[in-house]
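Trainee: missing the sequence, but the structure's below:
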Ligand SMILES: CC(C)(COP(=O)(O)OP(=O)(O)OC[C@H]1O[C@@H](n2cnc3c(N)ncnc32)[C@H](O)[C@@H]1OP(=O)(O)O)[C@@H](O)C(=O)NCCC(=O)NCCS
């Protein structure tokens, strides 16, 4: 599959809002107690013959780039890997020294995915999702594989 990655533009915003709401249960995403609005962030979209098949959004603070969302609708053909590569290049060019992301304890496939791409598990914030639910009540109690969604796990990649 010939996937092209390009930066998000203003014209993608409505799609980003809808895509995130559909994938994550609301137009906002919460990490470390902060409600992010992905449609207002920088990011990259993956295109297959003009169709959007993946999205990554990110937020730079000081010398660190947070991956706020990462989604692929065409699993296992390299979309996620290409999006991660695009963010790392973007962060490097912006002078960042690290890229990091928050995932939840039930998201074993994300933990596997990130670790196989050079990210390390650097922190566990126990019961942090309880706080997140105050900002985003649609976060389910039970997540992937029937695992209770409780903790935030921080993964990080030095640049
Ligand atoms: C995590 C996620 C983004 C990965 O996206 P993806 O597009 O499936 O990622 P890739 O295709 O690049 O890699 C997935 C697997 O496919 C394999 N793969 C990649 N290209 C391939 C190809 N051309 N042929 C065969 N297999 C391939 C990879 O080896 C990889 O397996 P590995 O992790 O064991 O190395 C996706 O599963 C997703 O959207 N998850 C839900 C949202 C989420 O949890 N996001 C992360 C937390 S914020």
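Mentor: Yep, that arrived. For clarity, every value in this text was computed on a predicted model and none was experimentally measured.
Trainee: buried ones in stretch 89-109, by neighbour count?
Mentor: Along stretch 89-109, these residues count as buried under the neighbour rule (16 or more other Cβ atoms under 10 Å): 90-91, 96, 99-107. Any C-beta I mention is one placed from the backbone N, CA and C, and that applies to glycine too.
Trainee: what's the span of it from first residue to last?
Mentor: Across stretch 89-109, the straight-line distance between its terminal residues is 23 Å, by Cα to Cα, to the nearest Å.
Trainee: tell me the secondary structure of residue 60, please.
Mentor: Of the three states, residue 60 takes strand according to DSSP: H, G, I helix; E, B strand; the rest coil.
Trainee: give me the neighbour count for it.
Mentor: Taking other Cβ atoms under 10 Å as the criterion, the count of residues near residue 60 is 16.
Trainee: how about it: what's its closest non-neighbour residue?
Mentor: If the residues on either side of it in the chain are set aside, residue 60 comes closest to residue 94, at 5.7 Å by Cβ to Cβ, 6 or more residues apart in numbering.
Trainee: distance of the one you found from residue 56?
Mentor: As judged by Cβ to Cβ, to the nearest Å, residue 94 and residue 56 stand 15 Å apart.
Trainee: residue 134 now?
Mentor: 26 Å.
Trainee: these two: which is more packed in?
Mentor: residue 56 (29 against 11).
Trainee: who's that one bridged to?
Mentor: Beta bridges link residue 56 to residue 44, residue 70 when assigned by DSSP bridges.
Trainee: ok, it - contacts?
Mentor: Taking Cβ atoms under 8 Å, 6 or more residues apart in numbering, we find residue 56 in contact with 43-44, 67, 69-71, 83-84, 86-87.
Trainee: same question, residue 84
Mentor: For residue 84, the contacting residues are 56, 67, 70, 117, taking Cβ under 8 Å, 6+ apart as the criterion.
Trainee: which bits of this protein sit near the ligand?
Mentor: In this structure, the chain approaches the ligand at residues 69-72, 75-81, 101, 103, 107, 109-110, 112-113, 116, judged by Cβ under 6 Å from any ligand atom.
Trainee: just the buried residues out of these, in PyMOL syntax.
Mentor: Buried subset of those, written as a PyMOL selection, criterion 16+ other Cβ under 10 Å:
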select buried, resi 69+70+71+72+79+80+101+103+107+110+113
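Trainee: what about the residue nearest to residue 149 when sequence neighbours are not counted, neighbour count?
Mentor: Of all residues beyond its chain neighbours, the one nearest residue 149 is residue 143 (4.1 Å), with distances taken as Cβ to Cβ, 6+ apart. Burial measure for residue 143: 17 neighbouring residues, criterion other Cβ under 10 Å.
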